[in-house]
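Engineer: what follows is a predicted structure for the sequence shown.
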Amino acid sequence: MQTGLVSASTATAAPTTSATTTPSNTLDSNSFLQLLVTQLKNQDPTSASAQDPNAMIQQLTSFSSLQQAQQTNTLLTGLQSSLTGMSQTQAAGLIGTTVQVSGSQFNLSSGAASMNLNLSSAANVNLTVTNAAGQLVSILPQGNLNAGSNTLTWNGKDANGNQLPDGTYQVGVSAKNANGGSVSFTSSMGVVVTGVSTQNGVVTLSSGSNTYPLSSVLQINA
């Protein structure tokens with residue numbers, strides 16, 4: 001089967017209009033089928049290549065593959081939307097509960113804040129606390145802590161003993177062993193879930209003015 005483009009002698013001139021269109025860079029199933037029909041209409045029936053059944057089968061196979069790929073993409077998009085909706089519905093049940101989320105923060109409220117530090121081995125720990133503007137407000141030596149889970153607290157006072165306003169403060173953690181080597185750790189904090197939303201397809205939990213992805217939840221407290 002001859003698959004060349006229609007020759008200039010067989011094409012008719014299209015009427016000129018003032019409107020302009022932007023050509024598409026993609027070939028959907030309808031365009032593929034129209035191209036195949038145009039090729040069949042304009043091939044030379046006396047040509048031996050026009051009677052090649054293998055060429056026809058190859059083009060029909062390509063058309064079928066294109067349709068299946070488009071249907072698969074549509075199904076995957078719908079599945080993703082369904083899963084996001086299900087996750088958001090399930091997460092709504094967390095509103096009002098306290099969950100542990102990964103991160104290094106002190107959520108100061110009424111002069112009290114805490115976070116959890118899980119050490120891979122015993123270490124000497126120091127904390128640095130910074131405010132929303134990135135300014136250092138306090139340095140908190142924790143001394144030697146055991147391996148495993150440790151609860152760290154802060155009374156919300158700066159280095160001069162002044163009480164700081166409620167809010168979220170970032171915490172830097174330094175954990176060293178007896179030889180001065182770094183000790184690996186994970187950190188988390190408890191937050192009360194006040195709302196659930198979806199941002200760019202990601203389910204997020206709200207706690208006051210802070211938001212956390214649902215994937216960051218490590219534990220749900222009863």
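Structural biologist: It's in.
Engineer: show me the contacts for residue 219.
Structural biologist: Residue 219 is in contact with 99-100, 188, counting by C-beta atoms under 8 Å, 6 or more residues apart in numbering. Bear in mind the C-beta positions are built from the backbone N, C-alpha and C, glycine included.
Engineer: residues touching stretch 114-127, excluding its own?
Structural biologist: Outside stretch 114-127, the residues that touch it by C-beta under 8 Å, 6+ apart are 100, 104-106, 139-154, 171-178, 183-190.
Engineer: among those, which lie within strands?
Structural biologist: Residues of those located in strands (DSSP state E): 100, 105-106, 139-145, 148-154, 171-176, 185-190.
Engineer: list buried residues within the residues you listed.
Structural biologist: 100, 105-106, 140, 142, 145, 150, 152, 154, 171, 173, 175, 185, 187-190 (16 or more other C-beta atoms under 10 Å).
Engineer: one step back: of the contacts of residue 219, which one scores lowest on pLDDT?
Structural biologist: Least confident entry in the contacts of residue 219, by pLDDT: residue 99, with 86.
Engineer: what about the protein, any weak spots by pLDDT?
Structural biologist: Residues of the chain meeting the criterion pLDDT under 70: 1-33, 35-37, 39-71, 73-91, 222.
Engineer: ok, which stretches of it are helices?
Structural biologist: For the chain, the helices defined by DSSP state H cover 29-42, 53-91.
Engineer: how near is residue 158 to residue 209?
Structural biologist: Between residue 158 and residue 209 the distance is 21 Å, computed by C-beta to C-beta, to the nearest Å.
Engineer: and these two? Which one has more around it.
Structural biologist: residue 158 (15 against 8; other C-beta atoms under 10 Å).
Engineer: please verify my assumption that that one contacts residue 169.
Structural biologist: No - Residue 158 sits out of contact with residue 169 when judged by C-beta atoms under 8 Å, with a separation of 10.3 Å.
Engineer: now for the two: what residues contact both?
Structural biologist: residue 137.
Engineer: name the nearest residue to residue 202, ignoring sequence neighbours.
Structural biologist: Distance criterion C-beta to C-beta, 6 or more residues apart in numbering; nearest residue to residue 202, sequence neighbours excluded, is residue 213 at 5.6 Å.
Engineer: next one: residue 211
Structural biologist: Residue 211 sits nearest to residue 204 (C-beta to C-beta, 6+ apart), 4.7 Å away.
Engineer: now do the contacts for that neighbour.
Structural biologist: Applying C-beta under 8 Å, 6+ apart, we find residue 204 in contact with 196-198, 211-214.
Engineer: show me what it bridges to in the sheet.
Structural biologist: residue 197, residue 213 (DSSP bridges).
Engineer: and residue 101, how many residues sit next to it?
Structural biologist: Residues near residue 101, counting by other C-beta under 10 Å: 21.
Engineer: I misspoke; the intended subject was residue 112.
Structural biologist: With other C-beta under 10 Å as criterion, residue 112 counts 13.
Engineer: how near is it to residue 168?
Structural biologist: Applying C-beta to C-beta to residue 112 and residue 168 gives a distance of 14 Å.
Engineer: tell me the bridge partners for the residue nearest to residue 176 when sequence neighbours are not counted.
Structural biologist: Spatial nearest neighbour of residue 176, excluding adjacent residues (C-beta to C-beta, 6+ apart): residue 124 at 5.2 Å. Beta-bridge pairing for residue 124 (DSSP bridges): residue 144, residue 176.
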